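Enquirer: Please work out how this folds:
(one chain, ligands or ions: 3)
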Amino acid sequence: MISAHKVCRERLGWRINRMAEFGASADGGVNRQVFSDADRAARAELNSWATQMGLELYTDPIANQFFRLMPKGVAADMAPVLTGSHLDSQPTGGPYDGVYGVVAAFEAVQALIDCGAVLKRPIEIVAWSNEEGSRFAPGCMGSMCFTGARAIEEFADTCDADRLRLGDELSKTLLSHPAMQQRDFGQSLSSYIELHIEQGPILERLGKPIGVVSGIQGCRWFNVTINGEARHAGTTPMAQRRDALRAAVGYLSDLQIALQDPDDATRFTIGRLDVSPNTPNTVPQQVSFSIDLRHPDTEELNSLTERIHTVLSQQQQGCDAVCEEIFKHAAVRFHEWVIAAIQTCAKGLDLAYEPMVSGAFHDALFLADYCPTAMIFVPSQGGVSHHPSEFTHLTDLYDGARLLAATLEHTATSTVEIQASKRTENSTK
Ligand code: GLV
Ligand code: MN
Ligand code: MN
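Expert: Ligands and ions are numbered 1, 2, ... in the order given. Now for the predicted structure:
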């Protein structure tokens, strides 16, 4: 665990602030959408850090970035330990969600270099493309393509709100970093460890600096479209309308009722609502909205989905609803061996930890089907995330980075080959 002592608190703080400049918003937050100019600039900054550190730079067809520390005397085909997270943010994002896991990975790898740790495996840092899914839905595209859960061709024609194609924006990004070596999806990995802010209130409430994450709750995303008829707002009698927005109000209200949960374990969010033609004096012709549904129990998640379909199968205001599922993953349980490695290192560093399940999804959701995986959380002030006021104290960021360095050292000095745990249901849309 010698590497943990080499993690530099000041440089970690500097790296966080530096990355927050890319896509900085006037309110102190970050809006760094995937494959945007700000994202490309942030990627270039990582490339320059990695080059200075003597790491190997790789990318793949969806522009995931990989930075490899290749220890002397280790066979080039030895499966690496992978660590990292994502650079893209929500439109109302803060300076920590995702980027902290990438920045701390650089700090941890620098510490491993500085302490001269004798590693038996390569270590790679990853910055996954499009974890948030806010510009191009769904999220976790980079990790889904890497692990084979989805094919990149399925996403090429996905458009953002300005009708720009993902395929075109991705090409621009790939062309902007010609110095990176291209490689395919699906590289072998010995394990994956993702460090992230908690984004919830538990660690702060318990006064503990570390969460050892044992799994992630299940999640399903749907796009719902309601088709009505555009008519003149001043002349069309109320009884003769098929108003898609009035229908949507009915559906939304019925969905809220159908998904009520006295245990407060269900998470149900309608975060996007589009009205067309969206003009005051025309009866709305079409409304579409998103549904984000989550539950820690996969069976319950499936039964909630049935309730959604039941509500949407009824007509409202003479309009039908079409429901398309665009993302699906069952609840996942991380790998005991990686969880135990994190716990051992936390004890060795005298860091109190809490076992917990993640309410947010992360790229680790898909990596867990692919190689032994687990996550580390650090506290979020007030439990706030996806908001400019998202904040984690530097002391907590530093503790997380120290624990990551120790865990990387622990796992990369082991040559044990562990199989990924298989879940019963692992389907994705
Ligand atoms: C990730 O950003 C999530 O929505 O959980
Ligand atoms: Mn994140
Ligand atoms: Mn997020």
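
Enquirer: all contacts plus neighbour counts: C-alpha atoms, from now on.
Expert: Fine.

Enquirer: show me what contacts Ala111?
Expert: Counting by C-alpha atoms under 8 Å, 6 or more residues apart in numbering, Ala111 touches Ser3, Ala4, His5, Lys6, Val7, Cys8, Ala405.

Enquirer: Quick check on it: phi, psi?
Expert: With angles defined as degrees, to the nearest 10, Ala111 sits at phi -60, psi -40.

Enquirer: Quick one: classify Ala248 as helix, strand or coil.
Expert: What DSSP: H, G, I helix; E, B strand; the rest coil gives for Ala248 is helix.

Enquirer: quick one: it and Ile226 touch, right?
Expert: Yes: contact criterion C-alpha atoms under 8 Å: Ala248 and Ile226 qualify, at 7.0 Å.

Enquirer: what sits in contact with each of those two?
Expert: Common neighbours of Ala248 and Ile226 (C-alpha under 8 Å, 6+ apart) are Val287.

Enquirer: hmm, back to that, intersect the contacts of Ala111 with the contacts of ligand 1.
Expert: With C-alpha under 6 Å from any ligand atom as the criterion, the contacts of Ala111 include none near ligand 1.

Enquirer: are any of these buried, and which?
Expert: Ser3, Ala4, Lys6, Val7, Cys8, Ala405 (16 or more other C-alpha atoms under 10 Å).

Enquirer: check whether stretch 217-228 contacts ligand 1.
Expert: No: applying C-alpha under 6 Å from any ligand atom, one finds stretch 217-228 separated from ligand 1 by no less than 8.6 Å.

Enquirer: Could you export that stretch as PDB, CA atoms only?
Expert: Output of stretch 217-228 as PDB, limited to C-alpha atoms (Å, rounded to 0.1, in the frame of the first residue of the first chain):
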ATOM      1  CA  GLN A 217     -30.100  -1.200  -8.700                       C
ATOM      2  CA  GLY A 218     -31.900  -2.200 -11.900                       C
ATOM      3  CA  CYS A 219     -32.900   0.400 -14.500                       C
ATOM      4  CA  ARG A 220     -35.100   0.700 -17.500                       C
ATOM      5  CA  TRP A 221     -35.600   3.600 -19.900                       C
ATOM      6  CA  PHE A 222     -38.600   4.200 -22.200                       C
ATOM      7  CA  ASN A 223     -39.500   6.700 -24.800                       C
ATOM      8  CA  VAL A 224     -43.300   7.300 -25.000                       C
ATOM      9  CA  THR A 225     -45.000   8.900 -28.000                       C
ATOM     10  CA  ILE A 226     -48.600  10.100 -28.000                       C
ATOM     11  CA  ASN A 227     -50.200  10.800 -31.300                       C
ATOM     12  CA  GLY A 228     -53.100  13.300 -31.600                       C
END
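
Enquirer: tell me the contacts of the closest residue to Ser188 other than its chain neighbours?
Expert: Of all residues not flanking Ser188 in the chain, Ala79 sits nearest, at 5.4 Å (C-alpha to C-alpha, 6 or more residues apart in numbering). Contact analysis of Ala79 by C-alpha under 8 Å, 6+ apart lists Arg121, Pro122, Ser188, Leu189, Ser190.

Enquirer: which one of these sits closest to ligand 2?
Expert: Comparing the contacts of Ala79 against ligand 2 with C-alpha to the ion picks out Leu189 as the nearest, at 21.2 Å.

Enquirer: picking that back up, going by distance to ligand 1, which of the contacts of Ala79 wins?
Expert: Nearest to ligand 1 among these: Leu189, at 23.3 Å, using C-alpha to the nearest ligand atom.

Enquirer: name the element that closest one belongs to?
Expert: Taking DSSP states H and E as the definition, one finds Leu189 inside no helix or strand.

Enquirer: Check which helix or strand Asn17 maps to.
Expert: In this structure, Asn17 sits in helix 9-20 according to DSSP H and E.

Enquirer: roughly how far out does that helix sit from the chain middle?
Expert: 21 Å (C-alpha atoms, centre = their mean, to the nearest Å).

Enquirer: What mean pLDDT does it get?
Expert: For helix 9-20, mean pLDDT rounds to 98.

Enquirer: Just the buried positions in it, please.
Expert: Arg9, Leu12, Gly13, Arg15, Ile16, Met19, Ala20.
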